[in-house]
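In: got a predicted structure plus its sequence, pasted below:
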Amino acid sequence: MTRSPGRIVGRPRAIIATLIVFALALLTIFGSATSTAAADVAVTINGFAFMPATMTVPVGTRVVWTNQQAQVPHTVTSDTAGIFDSGILQTGMTFAFTFNQAGTFAYHCNVHPNMRGTVVVTAAAATATAPAAPTAPPVAPPPTVAPAPVPTVTLPVAPPRTGGGGEAGTFFIHRLGDG
Ligand SMILES: [Cu+2]
C-alpha cells in the first residue's frame, strides 16, 4: 500500500532527470558544432578557378579545397615553396591545410598557372586581448591616493598638547606633507 505513492513520486523525478540530461546534451552539441563550423572554410575548384579566390580567416582555420571540375586535374600549391602543395587533385578529391600562422598566403595551380588564390590569415586572439589591457591600469592609481587623508584625522588629537597655538599648527601641517 505505501509503495504505490512512492512509485508515483519516483516517475516525475526520472522525467526531470531525463530532461536535464537532454538539455546538457543539447548544450554540448551546439557548443561543439559552433567551434567546428568556425574552424573549417571550403574553397571550390571549378571552371579553372578557385572560389572564393581570396578569403580572410582567423589563425587555426582549416581550409578545404575540393576539385569539382569534371575531368580536369588541378593542384593547390603555395607560391612560397614548401608551405603547402596538394599534388594532383582529380575530380572529386579534396585537400585540406590548417593555417597556424598569421600572414598572406598566395597559391596557384601547377597545371594551370593562371589559376590563383590568396588566403589572408589574421591573428584573431591577439586582437581581442589588446583592447582590454590599456583600460585596466588607469583604474588602479585612485586607491593608492586614498590612504593620505587618514593622517588628517590625527590633527584634532594634537591641540591639547599645545598651549602656544600657532606654532604647533604649522608643525603638524609639515608632517602631513612629508607623510
Ligand atoms: Cu588547375
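Out: Cool, the structure landed.
In: shouldn't residue 114 be within a helix?
Out: No: using DSSP: H, G, I helix; E, B strand; the rest coil, the assignment for residue 114 is coil, not a helix.
In: what sits against it?
Out: By CB atoms under 8 Å, 6 or more residues apart in numbering, residue 114 lies in contact with residue 48. Bear in mind the C-beta positions are built from the backbone N, C-alpha and C, glycine included.
In: against the ion, how distant is it?
Out: 8 Å (CB to the ion, to the nearest Å).
In: and residue 93, by the same measure?
Out: Applying CB to the ion to residue 93 and the ion gives a distance of 12 Å.
In: wait, that residue touches residue 65, no?
Out: No: counting by CB atoms under 8 Å, residue 93 stays clear of residue 65, with 9.1 Å between them.
In: which one's more surrounded, these two?
Out: Under the neighbour definition other CB atoms under 10 Å, residue 93 and residue 65 were set side by side, and residue 65 has more, 24 against 16.
In: would the more buried one count as being in a helix?
Out: No: per three-state DSSP, residue 65 lies outside any helix segment and is strand.
In: thought residue 45 was touching residue 64?
Out: No: between residue 45 and residue 64 there is no contact under CB under 8 Å: 10.9 Å.
In: who has more neighbours, those two?
Out: Each of residue 45 and residue 64 had its neighbours counted (other CB under 10 Å), and the higher figure belongs to residue 45 (27 against 14).
In: after the helix or strand containing the more buried one, which helix or strand is next? Please name it.
Out: Using DSSP states H and E, residue 45 sits within strand 40-46. Going down the chain from strand 40-46, the next helix or strand is strand 49-51, by DSSP H and E.
In: just checking: what are the partner strands of that next one?
Out: strand 40-46 (antiparallel) (DSSP bridges).
In: for the strand it pairs with, which positions count as buried?
Out: Neighbour counts over strand 40-46 (16 or more other CB atoms under 10 Å) mark 41, 43, 45 as buried.
In: what does stretch 64-75 give?
Out: 65, 66, 67, 68, 69, 72, 73, 74, 75.
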